[in-house]
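1. Sequence plus predicted model, see below.
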Amino acid sequence: MLELANMSPKEVRTLIRKGELVQPTSGMCRGHIQANLAIVPKDLAFDFLLFAQRNPKPCPILDVTDIGDPEPKLMAKGGDLRYDIPKYRIYKNGVLTEEVDNLKNYWRDDLVGFLIGCSFSFESAMLNASIPIRHIEDNHNVPMYITNIECEPAGKFHGNMVVSMRPIPYKLITRAVQATSRFPQVHGAPVHIGDPNFIGIKDINKPDFGDPSLIKEGEVPVFWACGVTPQSIAMTSKPELMITHSPGHMFICDPVDEDLAVL
C-alpha cells in the first residue's frame, strides 16, 4: 500500500484500467481527491443533479460528464469512467444485479456520470493531524451504514443518508472535527458522534457496506456523510438504471485534497 500511496493518480488509474488493481482505494495516491460515482440516463440527470444540490453533505458534486462522454474533464482529463474504477455496481429498478470490473458492456450514449466527493479525501488531513484511521491501519474497507436520516427528495430520487464510520480516540474528537470541517466538498465535518442507535444503526458490527472496524477502549464512533448514499437512493427510488462504484472502490482524481480546502 505504501507504494500505491506514493504513486500518481494517472499511474494508479492505468493499473486499474488494465485490470491489474482491483481493491479498495483508501490510502492510494496520498493527498489526491478520491470520488464516488453515480451514472444515470440523461432523462434522470437533472433530477439527480437537483437531489445532489439539495443534499450537499452526502452528495457534493465534483464533476459532471457530458451526455455519452465517459471523460470527467475537470477531475481527470483523459480519464475514463468506464474503466478507471476498480469495481462497479449495476442497479436496475432498485435491484443490485451485477458487480463488474469495467463498464465496457454497460455504457450507453445517453448516460451522464457524476463524481461525488469522498471522505477518503480528508483522511490525509486526519493523518497529518496524527489521528489514527482504523480501516487503513487494518487494511480493510471503511464501514458504511444506512441511517434513519432522510435526504431532501428531488424528482425521482428519495431515501436515507448513508454514513461512514471511523473510531476516534475521545481526546482527538475535536481535532478530527476541525481537520475534516475544512473540506465541505468531500463531506466536511461529521454528522453524528457517539451512540449509533440515535441515527438508526442497530448493530455497529454489521455495516450495510464495507467491513466492520474494531472500536477500542477509549474510542468513540464518529460518523461522516457518505457518497454511497446514491446506492441507498437507487434501492428506494428504483430508477430504470443507476451505475455506481462498488463501496470503497473510488475514482482517483488529479487535483489534490488541499484544492478543496476552506481556509
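-> Perfect, I can see it now. Numbering: from 1, shown residues only.

2. Now for the nearest residue to residue 237 once chain neighbours are set aside, how many residues are close by?
-> Distances taken as C-beta to C-beta, 6 or more residues apart in numbering place residue 157 nearest to residue 237, at 4.8 Å, with adjacent residues excluded. Backbone N, C-alpha and C define where each C-beta goes, glycine included. Using other C-beta atoms under 10 Å, the number of residues around residue 157 comes to 25.

3. Check what pLDDT residue 157 gets.
-> pLDDT recorded at residue 157 is 97.

4. Name the nearest residue to residue 151, ignoring sequence neighbours.
-> Nearest one to residue 151, counting by C-beta to C-beta, 6+ apart, is residue 55 at 4.6 Å.

5. I meant residue 229, not that one.
-> Excluding the flanking residues, the one nearest residue 229 by C-beta to C-beta, 6+ apart is residue 58, at 3.8 Å.

6. quick one: pLDDT of that neighbour?
-> pLDDT, read off for residue 58, is 95.

7. try residue 92
-> pLDDT, residue 92: 97.

8. separation between it and residue 132?
-> Counting by C-beta to C-beta, to the nearest Å, the separation of residue 92 from residue 132 is 40 Å.

9. re earlier: in the sheet, who's paired with the residue nearest to residue 237?
-> Note on residue 157: beta-bridge partners by DSSP bridges are residue 154.

10. if we can go back for a sec, what about the residue nearest to residue 229, how many neighbours?
-> Close neighbours of residue 58, defined as other C-beta under 10 Å, add up to 28.

11. cool, residue 194 as well?
-> Count around residue 194 with other C-beta under 10 Å applied: 13.

12. Likewise for residue 179?
-> Counted by other C-beta under 10 Å, the residues lying close to residue 179 total 21.

13. now the helix or strand where it lies: mean pLDDT?
-> Element membership of residue 179 [criterion: DSSP states H and E] is helix 173-181. The average pLDDT for helix 173-181 rounds to 95.

14. can you list contacts of that helix?
-> Helix 173-181 is touched from outside by 119, 122, 125-126, 128-129, 131, 166, 168, 187-190, 193, 220, 222, 224, with contacts defined as C-beta atoms under 8 Å, 6 or more residues apart in numbering.

15. That one: which residues count as buried?
-> Neighbour counts over helix 173-181 (16 or more other C-beta atoms under 10 Å) mark 173, 176, 179-180 as buried.

16. ok, these vs residue 6, which is closest?
-> residue 179 (21.6 Å; C-beta to C-beta).

17. ok, now how distant is the closest one from residue 133?
-> 11 Å.

18. Give me the common contacts of these two.
-> Taking C-beta under 8 Å, 6+ apart as the criterion, residue 179 and residue 133 both touch residue 126.

19. Now do the same contact list for residue 145.
-> Applying C-beta under 8 Å, 6+ apart, one finds that residue 145 lies in contact with 162-163, 165, 196, 199, 201, 204, 207-209, 223.

20. And the contacts of the helix or strand of the chain with the lowest mean pLDDT?
-> When the helices and strands of the chain are compared on mean pLDDT, DSSP states H and E, helix 2-6 comes out lowest with a mean of 82. Helix 2-6 is contacted by residues 12, 21, 27-30 when judged by C-beta under 8 Å, 6+ apart.
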